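A.B. asks: only geometry, no sequence info:
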């Protein structure tokens, strides 16, 4: 299991926050991923800021599986403190096949969208749940929209 992280998180740049209730903010991040992605790898991409609740998540990816019968699947949720898994019941997207051809996936799981605000920033990331049949390097990008509460 490997962990890959967007530069703004690695450098400790702060999350973007809103000052008024109802103001939508977008924290986004991108990360180049190698052609060695394996099952259970984690890609840390964007913040869900302290004091905010999520309203949408948009995941964009290039084609990460060039096999004729692609297999790669990914889930998106809150990354745990050890950065080695997603926190249970926090998924926004579960076992998506969007990385099989490249494209866009949006939040489709209520657990993630119903997360409440916390007193600390959380990192939202991608977990490879099924390995690619033929791995390909590419880019993942995540946009996390939230509102302060």
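C.D. replies: Everything's here; your move. The model shown is predicted, which means the values in this text are computed figures rather than measured ones.
A.B. asks: Find the centremost residue of the chain, please.
C.D. replies: For the chain, the residue nearest the mean C-alpha position is residue 125 (3.0 Å; CA atoms, centre = their mean).
A.B. asks: Ramachandran coordinates for that residue?
C.D. replies: phi -150, psi -180 (degrees, to the nearest 10).
A.B. asks: Now do it against residue 53, distance only.
C.D. replies: Going from residue 125 to residue 53 by CB to CB, to the nearest Å gives 18 Å. Where C-beta positions appear, they are placed from N, C-alpha and C, glycine not excepted.
A.B. asks: What segments of this structure are helices?
C.D. replies: 7-10, 110-113 (DSSP state H).
A.B. asks: okay if I get these as TSV plus mean pLDDT and distance to residue 1?
C.D. replies: Putting these into TSV (pLDDT from 0 to 100; distance: least, CB to CB, whole Å) gives the following:
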stretch	mean pLDDT	distance to residue 1
helix 7-10	95	18
helix 110-113	95	22
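A.B. asks: right, so of those helices, which gets closest to residue 28?
C.D. replies: Among those, helix 7-10 comes nearest to residue 28, with 9.0 Å by CB to CB.
A.B. asks: The closest one: which residues count as buried?
C.D. replies: Residues 8-9 are the ones in helix 7-10 that count as buried (16 or more other CB atoms under 10 Å).
A.B. asks: Check stretch 58-78 too.
C.D. replies: 58-65, 70, 72-78.
A.B. asks: Is it correct that residue 93 is in contact with residue 56?
C.D. replies: No - using CB atoms under 8 Å, residue 93 is not in contact with residue 56, being 11.2 Å away.
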